[in-house]
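# Structure of the sequence below:
(one chain, ligands or ions: 1)
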Amino acid sequence: MEYEVGNIVKLKKKHPCGSFEWEILRTGADFRLKCTGCGHQVMVPRRLVEKNTRGICPSPKATGNGKIP
Ligand SMILES: [Zn+2]
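Numbering: from 1, shown residues only. Sure, this is the predicted structure:
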């Protein structure tokens, strides 16, 4: 699974606001994710993100790399 800043990840766990989708703001040992529903930001260890990822959507501005998830 490849994660890039700007991608939207869908996680298995739902945020209290009802959204499953998070925008990646920073990658590394810990990811910074922003909830697309309410804008809440969290730091999550990479392994937890990998474990809970259901799918990745390329950001609208980063499309065109030919990859379809
Ligand atoms: Zn939220």
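# which SS state does the spatially most central residue of the chain fall under?
Centrality entry for the chain: nearest residue to the mean C-alpha point is residue 9, 2.9 Å, by Cα atoms, centre = their mean. In terms of secondary structure, residue 9 is strand; the call rests on DSSP: H, G, I helix; E, B strand; the rest coil.
# Next one, pLDDT for it please.
On the pLDDT scale, residue 9 is placed at 96.
# Repeat that for the one 4 residues further on.
On pLDDT, residue 13 comes in at 88.
# what are the pairing partners of the helix or strand bottoming out on mean pLDDT in the chain, and which direction each?
Ranking every helix and strand in the chain by mean pLDDT, DSSP states H and E puts strand 53-57 at the bottom, with a mean of 93. Taking DSSP bridges as the criterion, strand 53-57 forms sheet pairs with strand 8-11 (antiparallel).
# if we look at the strand it pairs with, which residues are touching it?
3, 20-24, 33, 36, 49, 52-59 (Cβ atoms under 8 Å, 6 or more residues apart in numbering). C-beta: built from backbone N, CA, C; applies to glycine.
# In PyMOL, select just the buried ones from those residues.
The buried residues among these can be selected in PyMOL (16 or more other Cβ atoms under 10 Å) with this line:
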select buried, resi 20+21+22+23+24+33+36+49+56+58
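# Does residue 48 fall in a helix, a strand, or a coil region?
When the structure is split into helix, strand and coil by three-state DSSP, residue 48 lands in helix.
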